[in-house]
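Asker: Whatever this is, show me its structure:
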Amino acid sequence: MVEVSEGNEFSAGKKGLLEVDEVAGYLGVTPVTVYRWCRDGSLPCLKVGRSWRIRRQALADFLRGGERPVTLTGRLRAFLEVPDSVIGVAQTPELLHRLDAAFFRVGEASGALLVKFHGGEPQVPGDELLAELERNGLEASRLEEEGRLRLSAERGPTEERNEALEKLLEEELDPGQAIWVSFNWAENIKLEAALRQQNALRKFVNDKRLVVKTAVMEEVFGDWPLDIRREAQETHSGMVWLSNAGLALSRITSLPSE
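Answerer: Numbering: from 1, shown residues only. I've put the predicted structure just below:
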């Protein structure tokens with residue numbers, strides 16, 4: 001890690017404040033990048049007159065944070081909210097399973113009830129689903145024994161989900177306990193019916209402690225017409241894209257006013 005102390009080239013600035021150009025030059029990035037870090041809150045900054053200044057300690061913390069190992073679970077933990085409804089796109093079945101396990105690990109850490117619906121993907125026995133979650137780091141068997149993880153078969157990817165969610169939300173859970181639900185679409189489905197179903201999920205998510213993740217294979221998503229893909233994204237509050245190249249996370253936000 002870079003030491004940001006009084007004795008190095010950042011010692012300019014009697015009050016311990018660094019200029020944007022100074023930070024940019026030291027890190028080998030453009031001033032525009034530093035301004036972006038300041039605007040999005042990644043790097044705490046101060047506005048002094050018309051200029052931005054960065055405290056030495058804030059920069060040291062920023063650099064230290066960048067050195068911490070980043071995991072899929074950690075990234076999802078920072079991204080997901082309660083309540084929430086996100087759509088995931090996975091390049092391979094293996095990544096689809098990794099996304100499932102990471103999603104549930106975040107929910108597990110918060111004490112949530114975890115529910116894995118299966119039916120929109122190739123049918124496999126429950127013990128194989130548990131084993132796949134175990135291989136990807138979730139203590140699925142233990143959680144199932146404790147009643148904190150449920151496997152729920154569905155006849156199809158768009159059938160009876162509303163009824164199933166209504167029953168879940170009617171259960172007497174611990175005060176403040178959330179429900180984290182995972183659906184997958186690993187095969188081609190009737191798009192209109194699927195989108196109607198996802199739109200219907202909104203009424204459950206809006207005012208409940210419910211986090212819903214619906215994942216689709218990249219090859220399936222890529223075959224959808226552009227307008228359907230856009231509608232699928234807009235139907236959810238967030239999107240997770242997982243490929244061998246990396247992870248992309250995005251949020252749908254309101255259109256800014258002029």
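Asker: give me the number of residues near residue 32?
Answerer: Each residue near residue 32 was counted by other CB atoms under 10 Å, and the total is 10. C-betas here are computed from N, CA, C, even on glycine.
Asker: distance of it from residue 43?
Answerer: From residue 32 across to residue 43, the span is 13 Å (CB to CB, to the nearest Å).
Asker: Same check on residue 127?
Answerer: Following CB to CB, the distance that separates residue 127 from residue 43 is 48 Å.
Asker: which of the two has more neighbours?
Answerer: Using other CB under 10 Å, the more surrounded residue of residue 127 and residue 43 is residue 43, with 23 against 12.
Asker: Which residues are in contact with the nearest residue to that one once chain neighbours are set aside?
Answerer: Here the nearest residue to residue 43 in space, its sequence neighbours aside, is residue 37; by CB to CB, 6 or more residues apart in numbering that works out to 3.8 Å. Contact criterion CB atoms under 8 Å, 6 or more residues apart in numbering gives 43, 45, 62 as the residues in contact with residue 37.
Asker: got the phi/psi numbers for the second one?
Answerer: Yep, that's residue 45 we're talking about. Geometry field for residue 45 lists phi and psi as phi -130, psi 160, criterion degrees, to the nearest 10.
Asker: these two touch, right, it and residue 59?
Answerer: No: with contact taken as CB atoms under 8 Å, residue 45 and residue 59 are classed as non-touching, separated by 9.8 Å.
Asker: partner residues bridging residue 116?
Answerer: The residues listed as beta-bridge partners of residue 116 by DSSP bridges are residue 151, residue 182.
Asker: Hmm, residue 182 and it touching each other?
Answerer: Yes: the pair residue 116 / residue 182 is scored as a contact, 5.2 Å apart, by CB under 8 Å.
Asker: which residues do the two both contact?
Answerer: Counting by CB under 8 Å, 6+ apart, the contacts common to residue 116 and residue 182 are 100, 104.
Asker: before we move on, the earlier item: adding pLDDT and distance to residue 96, write the contacts of residue 37 out as CSV.
Answerer: Listed next are these as CSV, based on pLDDT from 0 to 100; distance: CB to CB, whole Å:
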residue, pLDDT, distance to residue 96
43, 84, 34
45, 86, 39
62, 79, 34
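Asker: pLDDT weak spots in this protein?
Answerer: 1-15, 65-70, 119-126, 155-160, 186-194, 206-207, 255-258 (pLDDT under 70).
Asker: Now do the lengthiest helix in it: everything it contacts.
Answerer: Of all segments of type helix in the chain, defined using DSSP state H, the longest is helix 93-109. When contacts are defined by CB under 8 Å, 6+ apart, helix 93-109 is touched by residues 71-73, 76-77, 80, 88, 90, 114, 116, 121, 132-133, 135-140, 143, 148-149, 178, 180, 182, 184, 186, 211, 213, 215, 217, 240, 242-244.
Asker: For residue 51, list each beta-bridge partner.
Answerer: Legend: beta-bridge partners of residue 51 under DSSP bridges are residue 48.
Asker: Also residue 90?
Answerer: Here residue 90, judged by DSSP bridges, has bridge partners residue 217, residue 242.
Asker: which residues in the stretch 101-250 of the chain form strands?
Answerer: For the stretch 101-250 of the chain, the strands identified by DSSP state E, counting those that start in this stretch occupy 113-118, 149-153, 179-185, 210-217, 238-243, 246-251, in order along the chain.
Asker: Thank you kindly, that will do.
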